[in-house]
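Colleague: I'll drop the sequence and a predicted model, then ask my questions.
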Amino acid sequence: MDRDPTQLNEPPEVDELAETLTAAQTIDEEAAAIRERADLLGLTWHERPVEASEEAIVLVDPDVAVRLRIVPIDRSGDRLVLAMFDPLDTQAADEIAVLTGCVVDRQGMEPGIFAELLRKHYGTTASKMADLLGGQADADDSDAEHNLAAFETDDIHRMAEEPTLVNLVNLILIEAIQSRTSDVHVEPFEQELTVRYRIDGVLHMQPPPPKHLQPALIGRIKIMAGMNIAERYVPQDGKISLRYEGRKIDIRVSTVPTLYGESVVMRILDKSQLRLDFDTLGLRPELQADMDRLLAKPHGILLNTGPTGSGKTTTLYASLTRIFDPSKKIITIEDPVEYELQGINQIPVNAKRGLTFASGLRSILRQDPDIVLVGEIRDGETADIAIRSALTGHLILSTLHTNDAISSIGRLVDMGAEPYLVASVLEGLLAQRLGKRICEFCRTQIPMPEDIAARIRPKELEKFDGKTWIGSGCEKCSGSGYRGRVGFFELLRLRGDLRNAIADEAGAAAINQSLPEDFHTMREDGMSRAIEGVTTVPEVLRATQDAEEVYE
């Protein structure tokens, strides 16, 4: 089995690794295939827990054991017995043989049993390592905590290359990846350096690293992202690419200067965990059918709207994946390109070199595309080119920052687009929000609490039949009751009366009267998901409260 040299090689939180190894269906399928091949080769396979001797354990460091996914369980003379997640990984076995000077006997083990054995003997966390490093501070470091600008670039570079500091940063990233974190926030304040993970849209505080590590820790992140560590007073952007457990992970890094140092945000883009299909996103079957009709159009504009972080780009990626056909030319222009899509030409915006959405869209049209995705319509020039592209036979997909579907029409007109052109080229408006999904492992139905019942409309309350769903909290969801996110959608397909109202520059009231009878708002869509037990009523109210006023 080939091993990528860029793979992180430091020990993660093995408690969370156990969950990763046992909960993911892909891991289960991988383990079944490994066992089948191991049986053919006559390798021992453990279905029950085994004890590991201390004499064997001390031969392998924790970072090596976790990186290679092995646990030495017995030593007899110059022979070492290895329990391995993948006993067919001969490269890992060879590395252990070289490190220990022993002849290696490879044995397989069920994923859950292996993960528990690994946690028992090699468990470590970023917080433990930060505590260890914190104890190494010299008495003189107390002054440095309040005078971080005094550190020279060479000093920061030297500290950032210290193995223990490298391990700490890698552990922070590993733990974030394993806990399904979308963003890691490293924030400097006067007395402390905080680390927070955004999981399912909510920030969770992590044990803070020692303040005196701030220059080295942030310097290490900037080195990994290819940034200029000497420049600490202007914002910078960078990218980290790594492989973890055989999958490629991209991390987009942004730094900005603050009062007490540089604030760092790392967005984790794990394509292997991203399922680009409408079912996973939460689109109901009837909405999927409507989307399929819109995506089958030969030309026109389909807009996806919502605030930042509402999942618009993911929905558009899912749309492109759904309609991908080698017989069609598909080009995107994005800022930035978040995920690479197979078979699709993707262009990153580069404003410094003059490549904007508008200029890029002009050039794209000379490439004879069938379908074009524009990351965002931000100005009148881009809107005008998109409209004219749709008029000349192209299907344009894009995003717009509005609270609801119907507001997109006014936004385009405000940008300078002619109402009659908007009416003629717009085919569909999809607005969305993201809410937290109830944990499937601890989901339970309870009588509707009075405080929640008081917050919803009588017609909505009738559909719940006096009961609602919640997550009671368990180990799988870290006691939160939620695990993952689900989308709430409203899809408006433009038809005769609505097109006429837009072309006639009718007001909001007249446009609302022209809405089709089968149109459902995001709140209505969210409430249907709450009735089904996919999410909770408070989540629906929180996510959609700013999108209802236009329809009232």
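Modeller: In hand now; what should we look at?
Colleague: State whether Tyr197 is indeed within a strand.
Modeller: Yes. Tyr197 forms part of a strand when assessed by DSSP: H, G, I helix; E, B strand; the rest coil.
Colleague: tell me the pLDDT at the nearest residue to it once chain neighbours are set aside?
Modeller: Computed as Cβ to Cβ, 6 or more residues apart in numbering, the closest residue to Tyr197 that is not its neighbour in sequence is Thr181, at 4.2 Å. Yep, even glycine has a C-beta here, placed from its N, CA and C like the rest. What the model reports as pLDDT for Thr181 is 90.
Colleague: And Thr181, how far from Met522?
Modeller: Thr181 sits 26 Å away from Met522, going by Cβ to Cβ, to the nearest Å.
Colleague: These two: who's more crowded?
Modeller: Met522 (27 against 24; other Cβ atoms under 10 Å).
Colleague: Contact partners for the more buried one?
Modeller: By Cβ atoms under 8 Å, 6 or more residues apart in numbering, the contact set of Met522 is 404, 431-433, 488-490, 543-544, 547.
Colleague: and it, what pLDDT?
Modeller: We note a pLDDT of 93 for Met522 in this prediction.
Colleague: With Leu294 as the reference, measure out to it.
Modeller: 18 Å.
Colleague: where exactly do the helices run in the stretch 51-200 of the chain?
Modeller: Assigned by DSSP state H, counting those that start in this stretch, the stretch 51-200 of the chain shows helices spanning 54-57, 62-68, 90-100, 111-122, 126-134, 141-145, 153-160, 163-178.
Colleague: what helices or strands is the first one leaning on?
Modeller: Counting contacts by 3 or more Cβ pairs under 8 Å, 6 or more residues apart in numbering; DSSP states H and E, helix 54-57 packs against strand 70-76.
Colleague: So what touches the strand it packs on?
Modeller: The contact list for strand 70-76 (Cβ under 8 Å, 6+ apart) reads 50-53, 55-57, 59-60, 65, 80-85, 92-93, 96, 100, 102, 107, 114, 117-118, 121-122.
Colleague: which parts of that strand are buried?
Modeller: Buried residues in strand 70-76, counted by 16 or more other Cβ atoms under 10 Å: 70-75.
Colleague: of the contacts of strand 70-76, buried ones?
Modeller: For the contacts of strand 70-76, a burial check counting by 16+ other Cβ under 10 Å picks out 52, 56-57, 59-60, 65, 80-85, 92-93, 96, 100, 102, 107, 114, 117-118, 121-122.
Colleague: what's Arg455 in contact with, if anything?
Modeller: Listed by Cβ under 8 Å, 6+ apart, the contact set of Arg455 reads 537, 541.
Colleague: Pro449 versus that one, what's the distance?
Modeller: Counting by Cβ to Cβ, the gap from Arg455 to Pro449 is 10 Å.
Colleague: do the same with Ser363
Modeller: From Ser363 to Pro449 the distance is 56 Å (Cβ to Cβ).
Colleague: what's the answer for Val372, then?
Modeller: From Val372 across to Pro449, the span is 48 Å (Cβ to Cβ).
Colleague: Check Glu539 too.
Modeller: Distance, Glu539 to Pro449, by Cβ to Cβ: 14 Å.
Colleague: What segments of the stretch 351-500 of the chain are helices?
Modeller: Taking DSSP H, counting those that start in this stretch, the helices of the stretch 351-500 of the chain run over residues 357-365, 380-391, 407-414, 419-425, 450-453, 458-464, 496-503.
Colleague: hey, least reliable of those by pLDDT?
Modeller: Ranked by mean pLDDT, the helices of the stretch 351-500 of the chain bottom out at helix 496-503, which scores a mean of 88.
Colleague: Tell me which other helices or strands that one touches.
Modeller: helix 419-425, helix 508-513.
Colleague: Name the residues of whichever helix or strand comes after the last one that come out as buried.
Modeller: Next helix or strand after helix 508-513 toward the C-terminus (DSSP states H and E): helix 522-532. With burial defined by 16+ other Cβ under 10 Å, the residues of helix 522-532 counted as buried are 522-531.
Colleague: Would you format the residues you listed as CSV with distance to Glu475 included?
Modeller: Shown next, in CSV, are the buried residues of helix 522-532 (distance: Cβ to Cβ, whole Å):
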residue, distance to Glu475
Met522, 32
Arg523, 33
Glu524, 34
Asp525, 31
Gly526, 27
Met527, 30
Ser528, 30
Arg529, 25
Ala530, 24
Ile531, 27
